[in-house]
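Student: how would this look folded up:
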Amino acid sequence: MKKGVSENNRLFYDHLAQTTDFPMGLEVDKSEGIYIFDKNGKAYFDMISGISVNNIGHSHPQVIEAIHNQLKKHMHVMAYGEFIQDAQSQLAEKLSEILPAKLDCFYLVNSGTEANEGAIKLAKRYTGRTEIISCFNSYHGNTSGSLSVTGNENKKYAFRPLIPGIRFIHFNKMSDLDLISDKTAAVIIEPIQGDAGVRIPSVTYMQALRKRCDETGVLLILDEVQTGFGRTGKWFAFEHFNIVPDILTLAKAMGGGMPIGAFIANREVMKTLTHQPPLGHITTFGGHPVNCAAARATIEVLQKEKIISEVEEKGRLLESLLKHRAILEIRRIGLMMAIEFKNAGIVKDIVNECLREGIITFWFLSTANSFRLAPPLIITRDQIKEAAGKIVVAIDKALDKNNAQV
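Tutor: Numbers count the residues shown, from 1 in each chain. Modelled structure (predicted):
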C-alpha cells in the first residue's frame, strides 16, 4: 500500500465495483446538515444533496430518532404486502396528507428504478396494452425495464436487446402528442427532465399531454424521483402544471437518506396486481419498516418546518450570485439547477476545482457541458452566498487551467 493511502481507500479501489474510471474519491468520515466531512475533518458543502436525496440535510435529528425508535421494535419481518406493520401504515397516512385524493394506494419499493419498473408493469396490466411511450433524453433508471424507457442511447447500446414496444417522443413538442394512441398503455415522463440538464416544459404542453392521455385511455406516469418532496418549490412538480398523474413514482428524497421508493396510483388501478396472476409484483425488502419510519419523519419535517415555501426564493438567490462570463445558460426551477458551459472539458475541471474549494457538485450523465446544483433545501442564505462565491472561484481556476477563451 502506498504511503499516505488509507486501508479503506485501497479496499474501495481494489474490491468495490467502480461506476467510472474516474470516481471522485472523497473519503467520507461523517455528514451533518448541508456538509460532508472527510477523514481530515475538512467540511464540504454538499451542493447536490447526494443527487437530490438529502432535501432536509444529512442526519436530520428527527429522522435519526425515528430510525432508532423503529430499530427497537423490529426490522424486516416478512416480504412486502403480507403483514400489517405500523411503520408502513403510518407512512401511508402521511403520503395521503400531501397527495391528491386520486393517488390513494402506495406500493413501497427500494429505489427509483424499481418504482418505474413497477409503474410500467402496472400500466400494462391495467390497460391490457403493450406500447410504452417515453421521451428522448429522459432518464428513468438503470435496470432493464427502466433503461428501456430511458431516452439516452449511449447508456443503452451495450445492453441491448431491451424490452420491446417502446416509442420515443420529443419532450415539450406538441405535435408529438399525436403519437399517443389507443395502442399505448402509458406515457412515462419526467415533469422536469433532470439528467437532460433541467429541462422545464410549458404548462400548455403538460396540460395537453394530460388531455391526450385522457382521450386515448392511456395512463400518465410521472417520474418524480428527482423532483419530489420540495425540490422544485412545491411538494411535487406536477403541481406547477395543475395536473395529476395516473401513476406517480417517487424515491430519492423520500427517505431522508434511507433507501425507499414508491409507485402510487388509484386503488382501482393498483388492485390489478393482486390477481391474474396473484403476486403480480413482489419485493422482499420493499417497505422496510426502518426506511418507512425515516420517510414518515422526513415528511413531518417538511410539513413542520415550512421548508418548501422558501425553496424558490433560495433558488433565485443562488442563481443571481452565479454571474460569470463563461456561463452560457442557467436552467433552474426551485433548487434544481443546470449551469451550462462551452464544453464538457471545462465542466469536468469545474467539478474538480469545486471539490478542492470544498464544494461538491456533479455533472449530468446526458448533458456533459453542464453541471448540476441541487443543495439541501435547508441551506441558509448565508451558506448560499458562501458556496456561490467558492463556485465562481472554481470556475475561474478551471478556465485558467484550460486557457479557455470565453
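Student: any idea of the pLDDT on Ala404?
Tutor: Here, the pLDDT recorded for Ala404 equals 55.
Student: Next: Gly25.
Tutor: 88.
Student: Helix, strand, or coil at it?
Tutor: Counting by DSSP: H, G, I helix; E, B strand; the rest coil, the backbone at Gly25 sits in coil.
Student: ok, it - contacts?
Tutor: Asn9, Phe12 (Cβ atoms under 8 Å, 6 or more residues apart in numbering). Bear in mind the C-beta positions are built from the backbone N, C-alpha and C, glycine included.
Student: swap in Ala79?
Tutor: Counted by Cβ under 8 Å, 6+ apart, Ala79 has contacts Ile282, Thr283, Thr284.
Student: can you count the residues close to Val198?
Tutor: For Val198, the count of nearby residues is 27 (other Cβ atoms under 10 Å).
Student: I'd assumed Leu335 was in contact with it.
Tutor: No - with contact defined as Cβ atoms under 8 Å, Val198 does not reach Leu335; the gap is 10.8 Å.
Student: Most neighbours among the contacts of Ala79, please name it.
Tutor: Neighbour max across the contacts of Ala79 (other Cβ under 10 Å) = Thr283, 16 neighbours.
Student: which residues touch Glu65?
Tutor: Glu65 makes contact with Ala297 under the criterion Cβ under 8 Å, 6+ apart.
Student: how much space between it and Ala293?
Tutor: 9 Å (Cβ to Cβ, to the nearest Å).
Student: Backbone dihedrals for Gly197, both of them.
Tutor: When read as degrees, to the nearest 10, the backbone of Gly197 gives phi 100, psi 40.
Student: surely it meets Ala368?
Tutor: No - the pair Gly197 / Ala368 is not scored as a contact, 9.5 Å apart, by Cβ under 8 Å.
Student: who's more crowded, those two?
Tutor: Shown here are Gly197 and Ala368; by other Cβ under 10 Å, Gly197 has more neighbours (22 against 15).
Student: In helices, which of the contacts of Ala79 fall?
Tutor: Among the contacts of Ala79, no member falls in helices (criterion: DSSP state H).
Student: which residues of the stretch 201-350 of the chain fall in strands?
Tutor: Remark: strands assigned in the stretch 201-350 of the chain by DSSP state E, counting those that start in this stretch are 219-223, 247-250, 261-265, 329-333, 336-340.
Student: mind listing what the last one pairs with, with the direction of each?
Tutor: Put plainly, it is strand 336-340. Paired with strand 336-340 in the same sheet, following DSSP bridges, are strand 329-333 (antiparallel), strand 370-373 (antiparallel).
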